[in-house]
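K.L.:
sequence and computational prediction follow.
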Amino acid sequence: MKILVSLVSLIAFLLVLLPGPLYKFGVVELGTAFAGFKFGVYAGGAALLLLLVQVIFMRKTVTLGSAATAVIFSAIAIAMPLNMMNTAKSVPPIHDISTDLVNPPEFIAIAPLRADASNPVEYAGEETAVQQRKAYPELATLNFAQSKTDLVKATEQAVQNLGWELVNTDISKGIVEATETTAWFGFKDDVVVRINDEGSERFVDIRSKSRVGRSDLGKNAERIHTLINELNAVLTK
């Protein structure tokens, strides 16, 4: 029983740990990877149930180390997918976020890189805009006094500081494009920053869009906030 509990808890742990890297390196499809989470939860629950049976009926075979390991592996296997599910329920099922919902910045150099993406390069539309306004009302066009050139260079520096891949910089058009690749699944999410000159002020808009997936679990809005904070940090140095 001790070996069985350890084995099932390890399988549960691997079912939620490995889907990301396996998808990232093209071993499994996204649907298969997500199915691993579901079975990981089942296996984690089964391991805890088996451990309970062992404690009740075969207490002498229980050791603190093996029991603690089984609990930890099972808890991770259950908690990680459930946490993702709770996050998904707390945010709208959208994946295209912009500070300008009327005229979102357009991807230029990144557009051909998204040719095979399941989510098209075009803005997701008014239905997405309505959901974003409710979920992220704080996201709006930014206003700066610095020159367009300085803002483009600061944005470029902010992107590099965050470790994103800088795809395109166009000072004349006031455009900066970048891609962030997530560590676990290797998802590629794209960002475009647009800087407009209007008299003595510069207006900055940021758009972040996932290449795959219906819901981004709030990641694109989080990414925009992260870029804004880093941009402000660069400008105040």
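P.N.:
Nice, thanks for sending it over.
K.L.:
give the helix, strand or coil label for V53.
P.N.:
The three-state assignment at V53 reads helix, by DSSP: H, G, I helix; E, B strand; the rest coil.
K.L.:
per-residue confidence for it?
P.N.:
pLDDT, V53: 94.
K.L.:
ok, S200 next?
P.N.:
88.
K.L.:
that one and Q146, how far apart?
P.N.:
Separation of S200 from Q146 (CB to CB, to the nearest Å): 11 Å. C-betas here are computed from N, CA, C, even on glycine.
K.L.:
same check on S215?
P.N.:
Taken as CB to CB, the span from S215 to Q146 is 35 Å.
K.L.:
which ones are touching Y23?
P.N.:
Contacts for Y23 (CB atoms under 8 Å, 6 or more residues apart in numbering) come out as 29-30, 32-33, 185-186.
K.L.:
do V41 as well
P.N.:
By CB under 8 Å, 6+ apart, the neighbours of V41 are 12, 16, 77-78, 81-82.
K.L.:
and F13, by the same measure?
P.N.:
F13 makes contacts with 40, 44, 73-74, 76-77, as judged by CB under 8 Å, 6+ apart.
K.L.:
can you confirm it is in a strand?
P.N.:
No - under three-state DSSP, F13 falls outside any strand and is assigned helix.
K.L.:
how about the strands in the protein?
P.N.:
With strands called from DSSP state E, the chain shows them at 96-98, 142-144, 165-170, 175-181, 188-198, 201-210.
K.L.:
just give me the neighbour total for N103.
P.N.:
11 (other CB atoms under 10 Å).
K.L.:
from Q146, how far off is it?
P.N.:
Distance from N103 to Q146, by CB to CB: 22 Å.
K.L.:
check R133 too.
P.N.:
Taken as CB to CB, the span from R133 to Q146 is 28 Å.
K.L.:
of those two, give the one with the bigger neighbour count.
P.N.:
Q146 (15 against 12).
K.L.:
so how far is P105 from that one?
P.N.:
18 Å.
K.L.:
can you give me the end-to-end span of stretch 89-99?
P.N.:
Start to finish, the residues bounding stretch 89-99 are 23 Å apart (CA to CA, to the nearest Å).
K.L.:
hang on, the earlier thing: ok, and the most crowded of the contacts of F13?
P.N.:
A77 (31 neighbours).
K.L.:
hmm, that one is touching A43, no?
P.N.:
Yes - at 6.4 Å, A77 counts as touching A43 under the criterion of CB atoms under 8 Å.
K.L.:
good, we can wrap up now.
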